[in-house]
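Q: just to be clear, the model below is a prediction. Sequence and coordinates:
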Amino acid sequence: MKENESELLKDLRALAQDRTSEAPPAVRERLLIELRKRRARRRLFARLPVAGIGIAAAVLLLALASGDTRRFLTRPNVPAPVIADAVDADFYPLPEAEGLPPVEQATVIRVEMPTASLQLMGLAVDDEAGSERVQADILLGQDGLARGVRLVQ
Amino acid sequence: MLESPSHGDDGDLLRLISAGDETAFLAFYNRYQSSVYRFALQMTGRREIAEEATQDVFLAVMKGARYDPTRGSLLAFLFGISRNLVRRCLEKERPYLTLLDDPESEYAGSMADHHDLVGELTRSERIEMLRKAVLALPEVYREVVVLCDLHELDYAQAAAALECAIGTVRSRLHRGRALLMEKMRATERCEV
């Protein structure tokens, strides 16, 4: 019995030495894609007012005050939008959206945010208007990641 | 024994990974993927399940799975996650197949294949036979044999991974090895 057991342990040790099996490269690639998506999502959420996004996910916000917010804004010198032609036109592309796949199925959510947040998204905003709040539409792709932003008229 | 880096290193990596750091993730993945994948493969004998379990283990890490260094090594923690995923997969399939009956099993086929005319088994044949015998163990014994004998975890680490008492690991390991010896003897008799 003892002899059998020591033989078994020897064989088990030999089996343990076989460390050739590795996860296929596709697993690593899929995980990296997921990591990048999560990072892009995190960046977006860090830049948008949390409360605004939370509410916007459930309902569209009603305009609280109409004011001519456009007077604070000037059109920035940004590259052409990467979003689908059918959807976009007046959406400004977000810097984080570069490299994301084209939008095939778009969702637009409306949020209210300080104009300072628009600066972070690449829109040129008058510094003095930073504390004022404006309504904006966020364009989301089929993967739930934001592609562009536009001001509500 | 697999070299495990200090908790400090792993802790830093985990923090960076949950912040989305790709370099940290790759370092962590390269360090542990082989062990996690082999564990799942040794538990199931199925590459597609091992692949899925490995992916899900690292996804859980990415999502910030909470690791408590006081409860065991990070490797034991990863084995614990993998074990739960593997069990779920096996439970889903249990009504339909047993490992050695599954034609897709990496190791299936030759347990009942008695066509080897050579009386004495070579060493490599014995190892292969042992691999199949491990797969044929009942799950509770298989997991301790895989962790303690094939991944060389000590009793405490295996207990952390399996969320059971050290004594349970010890007794299951003893029983598991006894079953393995029986299976090996039975197979050898058939081969001869």
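A: The structure has been received and is ready for your questions. Numbers count the residues shown, from 1 in each chain, chains lettered A, B, ... in the order given.
Q: mind listing what's buried along stretch B:34-54?
A: By neighbour count on 16 or more other Cβ atoms under 10 Å in any protein chain shown, the buried set for stretch B:34-54 is B:34-47, B:49-54. Glycine gets a C-beta too; all of them are placed from N, C-alpha and C.
Q: and that stretch, does that touch chain A?
A: Yes. Residues of stretch B:34-54 contacting chain A under Cβ under 8 Å from any Cβ of the partner chain: B:34, B:36-38, B:41, B:50-51, B:54.
Q: and stretch B:172-179, by the same measure?
A: Yes. Where contact is defined by Cβ under 8 Å from any Cβ, part of stretch B:172-179 touches chain A, namely B:Arg177.
Q: what's the average pLDDT for that stretch?
A: Throughout stretch B:172-179, pLDDT has a mean value of 95.
Q: the residue of chain B found nearest chain A: how many residues sit nearby?
A: The minimum distance from chain B to chain A, using Cβ to the nearest Cβ, falls at B:Gly20 (3.4 Å). Neighbour count of B:Gly20, defined by other Cβ atoms under 10 Å in any protein chain shown: 18.
Q: what's it in contact with, if anything?
A: By Cβ atoms under 8 Å, 6 or more residues apart in numbering or on different chains, the contact set of B:Gly20 is A:35, A:38-39, A:42.
Q: output these in JSON lines, with neighbour count appended to each entry.
A: Below are these laid out as JSON lines (neighbours: other Cβ atoms under 10 Å in any protein chain shown):
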{"residue": "A:Leu35", "neighbour count": "21"}
{"residue": "A:Arg38", "neighbour count": "16"}
{"residue": "A:Arg39", "neighbour count": "17"}
{"residue": "A:Arg42", "neighbour count": "14"}
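Q: what does chain A put close to chain B?
A: A:4-5, A:8-9, A:11-16, A:18-19, A:21-24, A:26-28, A:30-32, A:34-36, A:38-39, A:42.
Q: buried subset of those residues as a ChimeraX selection?
A: The buried residues among the residues of chain A next to chain B can be selected in ChimeraX (16+ other Cβ under 10 Å) with this line:
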select /A:8,11,12,15,16,21,23,27,28,31,34,35,38,39
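Q: inside helices: which ones of the residues of chain A next to chain B?
A: Those of these mapping onto helices are A:4-5, A:8-9, A:11-16, A:26-28, A:30-32, A:34-36, A:38-39, A:42, per DSSP state H.
Q: low-confidence ranges in chain B?
A: B:1-8, B:94-121, B:191-192 (pLDDT under 70).
Q: domains of it?
A: In terms of domains, chain B is parsed into B:1-98, B:109-192 (source: automatic domain parsing).
Q: tell me, what residue is most central in chain B?
A: With distances taken as Cα atoms, centre = their mean, chain B has B:Phe39 as the residue nearest its mean C-alpha position (2.6 Å).
Q: what about that one, distance to B:Met129?
A: Note on B:Phe39: its distance to B:Met129, by Cβ to Cβ, to the nearest Å, is 21 Å.
Q: quick one, helices of chain A?
A: Using DSSP H, the helices of chain A run over residues A:2-16, A:25-47, A:50-58, A:115-120.
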